[in-house]
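Colleague: Sequence unavailable; structure follows:
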């Protein structure tokens with residue numbers, strides 16, 4: 001009897017040992033599988049970084065080649081005579097308030113003209129766009145039409161506000177009121193607010209100009225507000241026709257180009273450039289907080305400062321950096337929205353060859369500064385993109 005019980009205990013122990021061994025083997029296989037998956041993810045991530053590095057190097061070479069070609073190529077305006085010139089001039093005439101073709105040697109920017117302060121150098125800034133937008137090469141020297149403006153420059157901050165028609169809904173007057181009412185007279189004298197009408201609807205342009213002249217007369221008379229128009233034929237056929245791109249993608253591409261021309265126009269007028277939109281409100285004393293942070297608190301090595309988390313709104317740049325930013329945006333305007341392009345530019349700018357991703361991210365955090373609480377907030381729900389609603393909100397500082 002005892003022998004039978006002993007055999008039973010031995011068998012039970014052997015079964016338990018076998019079960020435990022099977023369980024351990026199963027767990028080891030699972031762990032091994034997880035380790036293999038982790039290793040594969042690491043290898044994929046490494047390959048992605050290498051592809052990104054190679055793409056960045058190729059893009060850098062393309063940009064250097066393009067700039068070299070631009071420097072060797074003719075910088076003067078092309079001949080506007082003949083049939084091609086007549087077709088171009090008819091196009092200009094059909095799109096009033098869109099673009100100035102600055103003569104090579106003339107007094108087009110004479111006394112009282114807002115272009116007088118910039119002269120030929122102003123048009124030269126826009127000549128670079130012909131490298132990335134070949135359809136503009138048939139034109140002479142380009143410069144946006146200044147509908148309202150006194151040629152103010154030498155201020156600390158230029159505030160760029162692009163606007164398009166939203167049908168029966170407009171937030172532009174509300175936005176300008178918030179921005180200007182929350183500046184002191186001294187702050188207003190040290191700033192320039194630039195409204196860029198990026199819509200070929202002349203009725204909308206007329207309504208914007210009339211509204212600004214009526215509601216903000218003092219700022220117009222003192223040169224604190226300027227209104228420019230983005231040229232209708234500045235956009236390539238890819239955006240105008242819509243044959244090869246969806247409507248949303250065409251709107252994103254158009255927005256990149258609108259921001260680029262606004263940045264180039266604002267670049268020589270101020271030390272810093274603040275990107276805004278036409279449907280925002282501003283925190284009380286936003287200008288004082290922004291100026292104090294830039295001049296007294298922010299480190300010297302910042303690339304740009306975010307004064308709100310929403311997309312491209314509230315991004316502050318040094319005006320000296322704007323041309324290089326515009327070049328990068330123009331290279332990839334067909335690929336991504338402008339806020340994503342800015343993120344990619346930061347990645348390219350910060351990551352060095354044979355560097356770990358962690359080190360790259362650390363250096364990004366050192367130069368990417370986000371001011372809290374936000375100084376700007378979206379208003380309304382009607383997006384500048386037709387058929388879409390704007391529901392993103394952030395907490396606005398008191």
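Modeller: All right, it came through fine. Because the structure is predicted, anything quoted here is derived from the model rather than measured. Residues are numbered from 1 along each chain as shown.
Colleague: What mean pLDDT does the one helix or strand residue 239 maps to get?
Modeller: For residue 239, the element it lies in under DSSP states H and E is helix 237-241. The average pLDDT within helix 237-241 is 74.
Colleague: That helix - contacts with which helices or strands?
Modeller: When contacts are defined as 3 or more Cβ pairs under 8 Å, 6 or more residues apart in numbering; DSSP states H and E, helix 237-241 packs onto helix 247-266. Every residue, glycine included, has its C-beta placed from N, CA and C.
Colleague: The next helix or strand after the helix it packs on: which residues count as buried?
Modeller: Downstream of helix 247-266, the next assigned helix or strand under DSSP H and E is strand 270-275. Neighbour counts over strand 270-275 (16 or more other Cβ atoms under 10 Å) mark 270, 272-275 as buried.
Colleague: quick one: contacts of strand 270-275?
Modeller: Residues outside strand 270-275 that contact it (Cβ atoms under 8 Å, 6 or more residues apart in numbering): 153-160, 191-192, 259, 263, 266-267, 290, 294, 307, 312-319, 322.
Colleague: Okay, and which of those map to strands?
Modeller: Using DSSP state E, the subset of the contacts of strand 270-275 located in strands is 155-160, 191-192, 315-318.
Colleague: Pull the most distant pair out of these.
Modeller: Greatest spatial distance among the ones in strands among the contacts of strand 270-275 (Cβ to Cβ): 155 and 315, at 18.3 Å.
Colleague: List the residues that contact residue 164.
Modeller: Residue 164 makes contact with 197-199, 204, 278, 384, according to Cβ under 8 Å, 6+ apart.
Colleague: Out of those, give me the one that has the most neighbours.
Modeller: In terms of neighbours by other Cβ atoms under 10 Å, the contacts of residue 164 top out with residue 197 at 30 neighbours.
Colleague: Quick check: the residue nearest the centre of the chain vs residue 259, distance?
Modeller: The centroid of the chain falls nearest to residue 338 when counting by Cα atoms, centre = their mean (4.1 Å). Computed as Cβ to Cβ, to the nearest Å, the residue 338 to residue 259 distance reads 6 Å.
Colleague: who touches both of those two?
Modeller: Common neighbours of residue 338 and residue 259, using Cβ under 8 Å, 6+ apart, are 312, 329.
Colleague: before we move on, the earlier item: can you redo the ones in strands among the contacts of strand 270-275 as a markdown table with pLDDT, neighbour count and distance to residue 356?
Modeller: Compiled in a markdown table, the ones in strands among the contacts of strand 270-275 are given as follows (pLDDT from 0 to 100; neighbours: other Cβ atoms under 10 Å; distance: Cβ to Cβ, whole Å):
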| residue | pLDDT | neighbour count | distance to residue 356 |
| --- | --- | --- | --- |
| 155 | 97 | 18 | 42 |
| 156 | 96 | 16 | 39 |
| 157 | 97 | 23 | 37 |
| 158 | 97 | 28 | 38 |
| 159 | 97 | 25 | 39 |
| 160 | 96 | 21 | 37 |
| 191 | 97 | 24 | 42 |
| 192 | 97 | 27 | 43 |
| 315 | 94 | 19 | 28 |
| 316 | 95 | 22 | 30 |
| 317 | 96 | 21 | 28 |
| 318 | 95 | 17 | 29 |
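Colleague: ok, of those residues, which one's closest to residue 178?
Modeller: When the ones in strands among the contacts of strand 270-275 are ranked by distance to residue 178 (Cβ to Cβ), residue 159 comes first, at 11.6 Å.
Colleague: So what's the model's average confidence on the helix or strand containing residue 180?
Modeller: Taking DSSP H and E as the criterion, residue 180 maps to helix 172-181. Mean per-residue pLDDT for helix 172-181: 94.
Colleague: Packing partners of it?
Modeller: Judged by 3+ Cβ pairs under 8 Å, 6+ apart, the packing partners of helix 172-181 are strand 155-163, strand 191-197, helix 202-215, strand 280-282.
Colleague: Need the max-distance pair from the buried residues of strand 270-275.
Modeller: 270 and 275 (12.5 Å).
Colleague: Tell me where the stretch 151-300 of the chain is predicted with low confidence.
Modeller: Low-confidence segments of the stretch 151-300 of the chain (pLDDT under 70): 240, 242-245.
Colleague: and with 80 instead?
Modeller: Across the stretch 151-300 of the chain, the ranges flagged by pLDDT under 80 are 167-169, 231-233, 238-247.
Colleague: And the average pLDDT for stretch 357-374 is what?
Modeller: The average pLDDT within stretch 357-374 is 81.
Colleague: no no, stretch 337-347
Modeller: With pLDDT averaged residue by residue, stretch 337-347 scores 88.
Colleague: Buried residues, that stretch. List them.
Modeller: When burial is assessed from 16+ other Cβ under 10 Å, stretch 337-347 yields the following buried residues: 337-339, 341-342, 344-346.
Colleague: can you check stretch 225-240 too?
Modeller: 225-236, 238-239.
Colleague: Tell me the one of those residues nearest residue 17?
Modeller: Of all the buried residues of stretch 225-240, residue 17 sits closest to residue 238, with 71.6 Å by Cβ to Cβ.
Colleague: With residue 329 as the reference, measure out to the closest one.
Modeller: When distance is defined by Cβ to Cβ, residue 238 is 16 Å away from residue 329.
Colleague: same check, this time on residue 319
Modeller: The spacing between residue 319 and residue 329, counted by Cβ to Cβ, is 16 Å.
Colleague: and these two? which has more neighbours close in?
Modeller: Using other Cβ under 10 Å as the criterion, residue 319 and residue 329 rank with residue 329 on top: 20 against 17.
Colleague: check which helix or strand covers the more buried one.
Modeller: In this structure, residue 329 sits in helix 322-331 according to DSSP H and E.
Colleague: The next helix or strand after that helix packs against which elements?
Modeller: Per DSSP H and E, the first helix or strand lying C-terminal to helix 322-331 is helix 338-350. On a contact count with 3+ Cβ pairs under 8 Å, 6+ apart, helix 338-350 meets helix 2-72, helix 247-266, helix 322-331, helix 357-367.
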